[in-house]
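Trainee: predicted model, plus sequence, below.
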Amino acid sequence: MLSIQFVRENFDAVVRNTANKNTTLDISAFPTLDAERRELITKGQDLKALRNTVSEEIARLKKAKENADDKIAEMRSVGDTIKSIDDRLRAIEEELDNLLLLIPNMTHESVVVGKSAEENIEIRRKDGVIGNQPDKAWRKDHIELCKLHGLVDFERGAKIAGSGFPLYTGKGARLERALLNFFLDQNTGRGYDETMPPFVVNTTSMRGTGQLPKFAEDLYRCADDDLYLIPTSEVPLTNIHRDDILSAEELPKKITGYSACFRREAGSYGKDTRGFLRLHQFNKVELLKFVHPEDSYNELELMLNDVENLLTLLGLNYRIISLVTGDTGFSSAKTYDFEVWSPCEQKWLECSSCSNFEDFQARRANIRFKRDANAKPEFVHTLNGSGLATSRIMVALLESYQQEDGSIVIPDVLRSYTGFDQIG
RNA sequence: GGAGAGAUGGCUGAGUGGCCGAAAGCAACGGUUUGCUAAACCGUCGUAAUGUUUAAGCAUUACCGAGGGUUCGAAUCCCUCUCUCUCCGCCA
């Protein structure tokens, strides 16, 4: 979230930023609420100071066995006034909090103002070993390939859980596991500490990274336990350091971890429902960094290199795009997406999203660091990116590496993980 | 699921109604001493909000797991919740 002071001092910019992010949010009540809050605080403070001094006096009088009845009576009424002020203050602060929690993060000055994904800007692209993918009539799409080789059983997944919950089978299950292991090994080799987080989190954790309160309808919830299935391991990984004060030497702190991800995808029914393109459950290896505020944009670029490493080794065609304000997420200050090429869909598919959240999540989750032992704690900056999500990678990989006879060649870097060189 | 114990500052840990925002120890930081290391000694050493000045500061208030209550006054008494630990049971 943004600090209350920042919103106070940059109100117009906050309103503009909210509009640039295509967010409809009326924050016109803020200035009044803010002013009233401060007035009540001052009033309450003064009365409490009075109560404290008179109470001490009462203690003295009682010790000296003197009468303090009228002072006690006076303080009783002061206490009532304090209570009513505190009650109103609590109500106003709740209203303010509800507002602040819904204000999106400010985008970085380098982010281009734009309405939607169509205006996103391509930064660079790279052709993999599979070349520029000329159209081939014999090419089968990833769904046909899965059927042909028994890699995924979408029907049985739907029977067991519902559509969007794939059942990986045979070499498909093995390939999925190979990808995840490959990603984790690469990432740990580049300085990320490996973790495996809980796949469910509590409300506080969801609020810390910004999923709540705004995106409740996108989450699976276990109502009896007040737990949520994570939509991304960004949530548990960021909350590792909730309420912590890190030392400066610990930064940058880099973490990678696998989790299954669960998304209700409410509101997107009927879009991309085929195969792997949009799932309710998918697998992802996440990259996460806690960094010095002044380093965060450099760290974002370094994170792009980490993701590129994976795509390059897999030999897939990919491109990096910089999101315009209208397509940048609620919590993010700046986001780059990675997309891999699907030769059958003839489309770029998002497979990673790398964001700098600056101190937006750190403030919500209270993640701080100290520059040295006597320094005042400051909020860290948090970044995360997928490295990588498997489902779209699986699409690109199967479609790109298929041969004319329908068999699929396994990229070299994966063979030690799969234990086979080809499928079919 | 059953029974019990607990939650205090970076850590250990005292504190059961009034100079307690909190003893003491450890750690950390600054300094003195010192051939080096070590030790000893002295000092500093929580967070946040509000006000004021705005560089630093100063003042007030709040915070002893969270939220309520009693009281002139709560770390301390009462209620609710959360979490942790131990034992038993069950189970991957």
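Mentor: Good, I have the coordinates.

Trainee: what about A:Ile41, distance to RNA strand B?
Mentor: 4 Å (CB to the nearest atom of the strand, to the nearest Å). The C-beta positions use only the backbone N, C-alpha and C, and glycine is treated the same way.

Trainee: wait, that residue touches A:Arg88, no?
Mentor: No - judged on CB atoms under 8 Å, A:Ile41 makes no contact with A:Arg88 at a distance of 10.9 Å.

Trainee: in stretch A:150-160, which residues are buried?
Mentor: A:Leu151, A:Val152, A:Asp153, A:Phe154, A:Gly157 (16 or more other CB atoms under 10 Å).

Trainee: what does the stretch 201-350 of chain A have sitting close to RNA strand B?
Mentor: For the stretch 201-350 of chain A, the residues in contact with RNA strand B (CB under 7 Å from any atom of the strand) are A:Ile245.

Trainee: now the helices: where do they sit in the stretch 201-350 of chain A?
Mentor: A:203-209, A:234-239, A:296-314 (DSSP state H, counting those that start in this stretch).

Trainee: thinking again about what came up before, which ones among the buried residues of stretch A:150-160 lie within strands?
Mentor: Per DSSP state E, strands hold the following members of those: A:Val152, A:Asp153.

Trainee: which one of the buried residues of stretch A:150-160 is nearest A:Tyr401?
Mentor: Closest to A:Tyr401 out of the buried residues of stretch A:150-160 is A:Leu151 (12.7 Å), distances taken as CB to CB.

Trainee: circling back to that earlier point, same list (the helices of the stretch 201-350 of chain A) but as JSON lines, adding mean neighbour count and mean pLDDT.
Mentor: JSON lines is the format used below for these (neighbours: other CB atoms under 10 Å; pLDDT from 0 to 100):
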{"stretch": "helix A:203-209", "mean neighbour count": "20", "mean pLDDT": "90"}
{"stretch": "helix A:234-239", "mean neighbour count": "26", "mean pLDDT": "93"}
{"stretch": "helix A:296-314", "mean neighbour count": "19", "mean pLDDT": "96"}
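
Trainee: show me the shaky parts of chain A.
Mentor: Low-confidence segments of chain A (pLDDT under 70): A:129-135, A:267-273.

Trainee: outline the domain layout of it.
Mentor: A:4-100, A:117-423 (automatic domain parsing).

Trainee: return the most buried member of those domains.
Mentor: domain A:117-423 (a mean of 18; mean count of other CB atoms under 10 Å).

Trainee: let's verify A:Thr382: helix, strand, or coil?
Mentor: Using DSSP: H, G, I helix; E, B strand; the rest coil, the structure places A:Thr382 in strand.

Trainee: let me see the contact set for it.
Mentor: A:Thr238, A:Leu288, A:Lys289, A:Phe290, A:Val291, A:Phe357, A:Gln361, A:Ala362, A:Ile367 (CB atoms under 8 Å, 6 or more residues apart in numbering).

Trainee: how about a cut-off of 10 Å?
Mentor: A:Thr382 makes contact with A:208-209, A:234, A:237-238, A:241, A:253, A:288-291, A:296, A:331, A:355-362, A:364-365, A:367 under the criterion CB atoms under 10 Å, 6 or more residues apart in numbering.

Trainee: filter those residues down to just the ones in strands.
Mentor: Going by DSSP E, the strands hold A:Lys253, A:Leu288, A:Lys289, A:Phe290, A:Val291, A:Ser355, A:Asn356 from the contacts of A:Thr382.

Trainee: can you lay out those as CSV showing distance to A:Ala117?
Mentor: Formatted as CSV, those follow (distance: CB to CB, whole Å):
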residue, distance to A:Ala117
A:Lys253, 32
A:Leu288, 24
A:Lys289, 25
A:Phe290, 29
A:Val291, 27
A:Ser355, 15
A:Asn356, 19
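
Trainee: identify the farthest-apart pair in those.
Mentor: A:Lys253 and A:Ser355 (16.8 Å).

Trainee: quick one: closest of the domains of chain A to A:Thr107.
Mentor: With CB to CB, the closest approach to A:Thr107 among the domains of chain A belongs to domain A:117-423: 5.0 Å.

Trainee: can you give the distance of the closest one from its chain's centre?
Mentor: 11 Å (CA atoms, centre = their mean, to the nearest Å).

Trainee: excluding its backbone neighbours, what's nearest the residue nearest to the spatial centre of chain A?
Mentor: The centre of chain A sits closest to A:Glu234, judged by CA atoms, centre = their mean, with a distance of 5.0 Å. Taking CB to CB, 6 or more residues apart in numbering, and ignoring the residues beside it in sequence, A:Glu234 has A:Asn384 as its nearest neighbour in space, at 4.7 Å.

Trainee: give me the distance between that neighbour and A:Gly419.
Mentor: Going from A:Asn384 to A:Gly419 by CB to CB, to the nearest Å gives 31 Å.

Trainee: do a quick rundown of the helices in the stretch 1-150 of chain A.
Mentor: Counting by DSSP H, counting those that start in this stretch, the helices of the stretch 1-150 of chain A are A:4-9, A:11-20, A:30-63, A:69-100, A:142-149.

Trainee: which among these is found nearest to A:Leu302?
Mentor: Nearest of these to A:Leu302, taken as CB to CB: helix A:11-20 at 26.2 Å.

Trainee: helices or strands next to that closest one in the packing?
Mentor: helix A:4-9, helix A:30-63 (3 or more CB pairs under 10 Å, 6 or more residues apart in numbering; DSSP states H and E).

Trainee: just put these in JSON lines and tack on distance to A:Gly189.
Mentor: Putting the helices and strands packed on helix A:11-20 into JSON lines (distance: least, CB to CB, whole Å) gives the following:
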{"stretch": "helix A:4-9", "distance to A:Gly189": "39"}
{"stretch": "helix A:30-63", "distance to A:Gly189": "47"}
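
Trainee: quick one, what contacts A:Met1?
Mentor: Counting by CB under 10 Å, 6+ apart, A:Met1 has contacts A:7, A:97, A:99-105, A:207, A:210, A:331, A:359-361, A:363-365.

Trainee: ok, A:Ser416 next?
Mentor: With CB under 10 Å, 6+ apart, A:Ser416 has these contacts: A:Ala178, A:Asn181, A:Phe182, A:Asp185.

Trainee: now do the SS call for the nearest residue to the second one once chain neighbours are set aside.
Mentor: Nearest-residue entry for A:Asn181: A:Tyr417, 5.2 Å, with adjacent residues in sequence omitted and distances by CB to CB, 6+ apart. Reducing the assignment to helix, strand or coil with three-state DSSP, the entry for A:Tyr417 is helix.

Trainee: mind listing what A:Tyr417 touches?
Mentor: Shown in contact with A:Tyr417 (CB under 10 Å, 6+ apart): A:Arg174, A:Leu175, A:Arg177, A:Ala178, A:Leu179, A:Leu180, A:Asn181, A:Phe182, A:Asp185, A:Ile410.
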